[in-house]
Each structure stands twice: as structure tokens, then as C-alpha cells.
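Peer 1: Provide a 3D model corresponding to the input given below.
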Amino acid sequence: MDPFFQFITENELVIYILLGIGGLFALRTLVLGWTEWQKSIFGLEKELAFNKIKSSGVILILLVMIGLSQFCFVSFVIPFFPSTAFEATPTANLLAGTPNAPGTEMTAGPGSQIPAEGTIGCTAGQIMITSPAPDEEISGKLTVKGTINVQNFGYYKYEYSQANDIWVTIAAGDKLILDGELGNWDVTQLTPGDYQLRLMVTDNTGAALPSCSLTVKIRPE
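Peer 2: Numbers count the residues shown, from 1 in each chain. As a prediction, this is how the structure comes out:
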């Protein structure tokens, strides 16, 4: 689906123009059919005019639906698919130098390099969730913090799951972070209970790196 999303994003204006032109032709045919139907005397003439109205009306409705679908995809769906928003091309170093050059990763003290006990799959100093803590009780709106400090970095996203099978993306980004804010998480609409919180990082070739996850408890407010 990524090439499809990329196509409609890059050609959004062209698609709207083509839909608009098609809509004008369909509207013109609809008006002509309506005029013919009003002027028709015989049954066969009325039937032919009505068929013209019906076919042009269907085409017009279809074009409007395609336009609305295009708008919804671009405005509400595609932003939640980071792989389409961040292209898998060599990423310029976010600090200095080149992406593959030694010493371009961020540095920090030893304490921030160790994943908290209870996290799963986290990589010390590279892919970590530092807040919330494992098994922490959370509620309301909170800030998710962590570390993303890898070479050939593409983008990251963090997501949650209650049954550990259906993952829902919360937010995404394309900046290296050292024990800083990954983004926010509003849990006010979620059912209280245990949830998995997972940080996913993808390099600039589109390959997913080992994920970092932990369990949190959403408490009733």
C-alpha cells in the first residue's frame, strides 16, 4: 500500500483537477438529460432522457466519493503511516557529519544507557522507553519519553496493544532523541487494565530494528 499512498500524496492536486473536470462533464450531461426529460412527450423519449440522468448522476456521485476518499486518505489516514511520510532514502545526520560517520550518534551518561528492568527487547543507549516505567499505573494524558539513538535512522513510532496482537499506532517522528519526549499518549478513552506499550524504530532502508516494549496499567479515573 505504500506506493499507492505515496502516489496519491504526490499527485493530490492533479487528482482533484481530473475529478473536477469529470464532475463538470457529468453535471453538464445531467442538466441536459433533465432538460430533455422535461421537454419529452413520448414515453420512449422520456425513458432515454431518464437513463441519461441516471447514468450521469451515478458518475457524479462516484466522482464526489472518490474526491472525499482522497481527502480522507491524505488528511487522516496517511499521517498515521510513517513509512509513507518518511521516504527510505539516506538520512542526513541530525547533528553533524554524515549518517554513517563514526561519532555522529548522541552521547549520554552511563545511567541513561541502561534499559529499565521489566522492559522487553530494548537496546541499551539506542532504543529505549524511559517513561512510563514498567508496570506503572497511568491515567489521563501523559508524555512518553525514551531514547532513539541509532545510525541510518529513518523514523520511529510508538503504539499500544491490550491483547498483544492488535497494535494501534499512537504517534510517530523522525528525530533522534536522547531520554527525551517521544510524544503524548491520551489514555482517557481506553478501558482500564494492562496494556503493552511498544517503541518501533525503522532505518532509512525501511528495515525494522528490534522493538522495545513494556507493560503499563491504566487505572480508572
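Peer 1: List the contacts of residue 40.
Peer 2: Contacts of residue 40 were listed using Cβ atoms under 8 Å, 6 or more residues apart in numbering, and they are 46, 49. The C-beta positions use only the backbone N, C-alpha and C, and glycine is treated the same way.
Peer 1: Could you tell me the phi and psi values at it?
Peer 2: For residue 40, the backbone dihedrals are phi -70, psi 140 (criterion: degrees, to the nearest 10).
Peer 1: show me where the protein has helices.
Peer 2: 2-10, 12-39, 43-72, 82-85 (DSSP state H).
Peer 1: which of these sits most buried?
Peer 2: Per-stretch averages of neighbours, counted by mean count of other Cβ atoms under 10 Å, single out helix 82-85 among those, with a mean of 18.
Peer 1: For that one, what does the pLDDT average out to?
Peer 2: In this model, helix 82-85 has a mean pLDDT of 43.
Peer 1: Same check on stretch 16-29?
Peer 2: If you average the pLDDT values across stretch 16-29, you get 91.
Peer 1: got the helices of the chain as a markdown table, with distance to residue 170 columns?
Peer 2: Formatted as a markdown table, the helices of the chain follow (distance: least, Cβ to Cβ, whole Å):
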| stretch | distance to residue 170 |
| --- | --- |
| helix 2-10 | 19 |
| helix 12-39 | 26 |
| helix 43-72 | 20 |
| helix 82-85 | 12 |
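Peer 1: What are the structural domain limits within this structure?
Peer 2: With automatic domain parsing as the criterion, the domains of the chain are listed as 2-80, 95-218.
Peer 1: So which helix or strand of the chain has the lowest pLDDT on average?
Peer 2: For the chain, using mean pLDDT, DSSP states H and E, the weakest element among its helices and strands is helix 82-85, scoring a mean of 43.
Peer 1: Compute the first-to-last residue distance for stretch 200-209.
Peer 2: Stretch 200-209 has its terminal residues 7 Å apart, counting by Cα to Cα, to the nearest Å.
Peer 1: for that stretch, which positions count as buried?
Peer 2: For stretch 200-209, burial by neighbour count (16 or more other Cβ atoms under 10 Å) applies to 200-204, 209.
Peer 1: now, which of those residues lie within strands?
Peer 2: Using DSSP state E, the subset of those located in strands is 200-203.
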